[in-house]
Each structure stands twice: as structure tokens, then as C-alpha cells.
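[1] Everything below, folded, please.
(chains A and B)
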Amino acid sequence: GQNIDQPTEMTATEGAIVQINCTYQTSGFNGLFWYQQHAGEAPTFLSYNVLDGLEEKGRFSSFLSRSKGYSYLLLKELQMKDSASYLCAVRDDQAGTALIFGKGTTLSVSS
Amino acid sequence: DVKVTQSSRYLVKRTGEKVFLECVQDMDHENMFWYRQDPGLGLRLIYFSYDVKMKEKGDIPEGYSVSREKKERFSLILESASTNQTSMYLCASSEQGYGYTFGSGTRLTVV
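    Numbers count the residues shown, from 1 in each chain, chains lettered A, B, ... in the order given. Purely as a prediction, here's the structure:
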């Protein structure tokens, strides 16, 4: 079976750094994705990890440890517009190319 | 950029009606997916398709069917709408091995 866990809510202030964790259990891991979703909008792609290590893309970075079934999304220099839900998703070979999503973490950034 | 278009942004239907949700993508992607998104439950996979006339059940297919007669179009059908199918429906497409591009979603209310 598949199980993906991430915190339900997080809060942070402008300019700060926040780390959103995701743990997963899957039968046949084949990549981990992070998506951002603003209220009322569709999810948009942020990052993809298939090998262990850190992927950096501007203010956003994503880390993967396959042996620990663990990933995190790191957001630096937070801005008000970063207030959104962040979705962790795993591609599991047992489910073909379909992504299995966690329930999402709602991040609120305050001034 | 890949465009995934869902025909309706908002729909209101009556209990027992047959409902069609349409999704069209313009990049010749092989894979297409239907999810529903509910507060506290995240995105849950309903059906997906690898190719024309092919379909696979996701985690929650009950009460739904799909049709893929052409590569670019993937339709979700609610055979007899019920109030517990009130939800946000998201369509996505992907090329083999890559992440998703989502449509903007259809918010369906069944009364």
C-alpha cells in the first residue's frame, strides 16, 4: 500500500525560512514531486527528486532520502505570496504513472 | 506550454443526473488523469488512462466512469450524481516519466 504524511498546517513570517516535511511508504518508489496550490487554483509544479540529495531552484529547494522515505521542501526569504498549500506526491511503480498525493500542508505567511 | 482545459469552471447538477466533465490537452500526452480534491482528504485518484480506449481504476472509482476516444480528450462521467460527489475535480496530463500539468478544475455541486 501507499502512505504519504505531511503536516496539515504551518505558519511563518515574511523573510523567514520554512521547511515542510513529507514521509512516504510505497511499494515501488519512482520519484517524488512537490506542487504549490493557491486557494481556488490548480496545483503547479515546483520540484522533482528521484535520486538522493538536494535540488535547488531559486528560493525553493527539495531534498530526498530514499532510504528513510523522507523528503522536505525548503522555502527561503518567504513572501506573502508563498501562502498556499504545498502538496507532496510520489510516483509508485505499482500505480503506473499515476501520482499519489499527500493531503497537503497549508502554509500561512504573515508580515 | 502544455495546456489542459476543463470545459466548465463551475457546475450545479441535480441528484440522479448523468454528468459529463470534459478535459482536453494540447501536447499529445499519452497519460491523462482524473482526481477529486476535498478538504482534509487531499487529491484522490479516480481513473487514469495510458492511451486511447485504455483506462485504469484509481483509488476511488465507484460511481464514476471514463471515456477516452481520442488522445487529447479524457471525459469523466458521473452515471447518477449524488450529493457526496460534490467536490473539486481536477484533470491532469503527463508525458511518460514526467510530472503533471493540471487543468484549472471544475467545482461540481450536486443538489
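[2] who in chain B is up against chain A?
    B:31, B:33, B:35, B:40-45, B:48, B:50, B:56, B:58, B:90, B:94, B:96-97, B:99-105 (CB under 8 Å from any CB of the partner chain). Glycine gets a C-beta too; all of them are placed from N, C-alpha and C.
[3] Narrow those to just the buried residues.
    B:31, B:33, B:35, B:42-45, B:48, B:56, B:58, B:90, B:94, B:99-103, B:105 (16 or more other CB atoms under 10 Å in any protein chain shown).
[4] just to revisit the earlier point, filter the residues of chain B next to chain A down to the ones in strands?
    Among those, DSSP state E puts B:31, B:33, B:35, B:42-45, B:48, B:56, B:90, B:94, B:101-102 in strands.
[5] where exactly do the strands run in chain A?
    For chain A, strands defined by DSSP E occupy the ranges A:3-5, A:9-13, A:18-25, A:29-37, A:44-49, A:53-57, A:60-65, A:70-75, A:84-92, A:99-101, A:105-110.
[6] Including mean pLDDT, could those go into CSV?
    Formatted as CSV, those follow (pLDDT from 0 to 100):
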stretch, mean pLDDT
strand A:3-5, 93
strand A:9-13, 97
strand A:18-25, 97
strand A:29-37, 94
strand A:44-49, 94
strand A:53-57, 94
strand A:60-65, 98
strand A:70-75, 98
strand A:84-92, 94
strand A:99-101, 92
strand A:105-110, 97
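[7] between those, which gets nearest to residue B:13?
    Across these, residue B:13 has its closest neighbour in strand A:29-37 (24.8 Å, CB to CB).
[8] Is that closest one in proximity to chain B?
    Yes. Judged by CB under 8 Å from any CB, strand A:29-37 comes into contact with chain B at residue A:33.
[9] If the spatially most central residue of chain B is in a bridge, with which residues?
    Centroid-nearest residue in chain B, with CA atoms, centre = their mean: residue B:34, separated by 3.2 Å. Beta-bridge partners for residue B:34, by DSSP bridges, are residue B:47, residue B:91.
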